[in-house]
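Asks: Below are the sequence and a predicted model; questions follow.
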Amino acid sequence: MKHSYSSLQNLDSCQQLYLLENIKKVRSRHRPLYFTIGTAFHEFIGAWHMGLPHEACVKKVDEEFGKIDLSLLNAEQTADFHMDWARVIGMASAYVERYASDRDQYQKFLVEKHAEIELIPDELYHGYIDVLMQDASGAWWIKETKTVAASTLTEAYWQKVKIDNQTLGYAFLAKKILGEWPVGVVYDVIKKTQHRKRAQETVQQFCTRIRNVYAGKEADNLFFRREYLLNRTDLKRWLDDYRQKIARAAEMRRNQHTRWTMNTGHCLKWGNPCGMFAICMGGGEIDPVLYKEKDETGSKKEDAANSKAASDDKQGGGPRDAADAGSKRTASVDGRGRPRKRKSGGRKKVSK
Ligand code: SF4
């Protein structure tokens, strides 16, 4: 059985969420926009690390946003969609300009590397690492890039980064990929701005303005980088914790756990509804208009995207960015705000 940072996060957060998302493989047809924003940003940066030209990096963003079914968005969400698309390109373009010297400072880059490790017999932990960089001395570094709401970036945030489970997990995966331990982490944080597209502005003009904001005099208050070394104590703690988490998940699955509890304290985390909100609010019924079941297509990429979204800050997006996370209100109207006809097929009830 395979486990990931995001699946174990789900189990920690709410057993019902783990059952729906990781065992039944239920997926919302209406993916919250913050997932796309995070994935598109990381895709742009990854392409840049691979040495691709700017147009090819932009194309990566276009591909991610192109996966969104615009017919599921109302007029307001469609406007946000275009604005976020432009915002990602503007922000990422400024990011690669700011850190252009990375290409000289580091001699080798490995991008989007996957690995799996056996933490307890027959149970695997797996994940994708965005970027591994080798410096001139031959030492390897994990590069992490996060976008956060301005209010999030406190000194406590930076303290917590050093014990972050996702990054410590990357260290174990990196060891498997490289055959040696990475020495540390280069941690980049980008603050989200509240700039919005003006009425008279085109999407392209807004994109240029965002790039200029991030490349201009505000830049030092928008981009932050810290480097830190990994240490044995934190790595050992992670290993013990994750062996225990995985043993618990495996046991719950093996014993066909019958009562998956609902942690309602997690339903509105970050101010946005959980992706399974409509199911839980509907007494466990899975509406086929809103959700796909046993969706394994692209599950590897999806898992990586979920991991990124699980750790990227989602607070800056606001309720509209979440596109109501599959709420009935959102998906029951078409692109012009008209009521959408339901497909036949009926609903299924989730067994708890
Ligand atoms: S909506 Fe709440 S109870 Fe339901 S899966 Fe999500 S977090 Fe759990």
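Replies: Good, I have the coordinates.
Asks: Just list what the host helix or strand of Phe109 packs against, helices and strands only.
Replies: Assessed by DSSP states H and E, Phe109 sits inside strand 106-120. If you count contacts as 3 or more C-beta pairs under 8 Å, 6 or more residues apart in numbering; DSSP states H and E, strand 106-120 packs onto helix 33-49, strand 123-135, helix 165-178, helix 232-254. Every residue, glycine included, has its C-beta placed from N, CA and C.
Asks: List the contacts of Tyr95.
Replies: Ile45, Thr145, Asp188, Ile190, Tyr214, Phe223 (C-beta atoms under 8 Å, 6 or more residues apart in numbering).
Asks: circling back: would you mark the buried spots in the strand holding Phe109?
Replies: With burial defined by 16 or more other C-beta atoms under 10 Å, the residues of strand 106-120 counted as buried are Tyr106, Phe109, Leu110, Val111, Glu112, Lys113, Ala115, Ile117, Leu119.
Asks: Which one of the residues you listed is nearest to the ligand?
Replies: Among the buried residues of strand 106-120, Leu119 lies closest to the ligand (C-beta to the nearest ligand atom), at 25.6 Å.
Asks: Just the pLDDT for the closest one.
Replies: pLDDT recorded at Leu119 is 96.
Asks: swap in Gly335?
Replies: pLDDT at Gly335 comes out at 33.
Asks: hmm, back to that, please list only the buried members of the contacts of Tyr95.
Replies: Among those, those buried by neighbour count (16+ other C-beta under 10 Å) are Ile45, Thr145, Asp188, Ile190, Tyr214, Phe223.
Asks: Among those residues, which lie within strands?
Replies: Mapping those onto strands (DSSP state E) picks out Thr145, Asp188, Ile190, Phe223.
Asks: Quick check: the gap between the second one and the ligand.
Replies: If you measure Asp188 against the ligand using C-beta to the nearest ligand atom, to the nearest Å, the figure is 30 Å.
Asks: Make 21 the first number, not 1, from now on.
Replies: With the count now opening at 21, the last piece we talked about shows up as Asp208.
Asks: Not counting its neighbours along the chain, what's nearest that residue?
Replies: Nearest non-adjacent residue to Asp208, counting by C-beta to C-beta, 6 or more residues apart in numbering: Thr165, 4.6 Å away.
Asks: quick one: contacts for that neighbour?
Replies: Applying C-beta under 8 Å, 6+ apart, the residues near Thr165 are Phe61, His62, Ile65, Tyr115, Asp150, Val151, Asp208, Val209, Ile210.
Asks: Please repeat the previous calculation with a cut-off of 10 Å.
Replies: Contacts for Thr165 (C-beta atoms under 10 Å, 6 or more residues apart in numbering) come out as 58, 61-62, 65-66, 112, 115, 119, 150-151, 206-210, 245, 328, 332.
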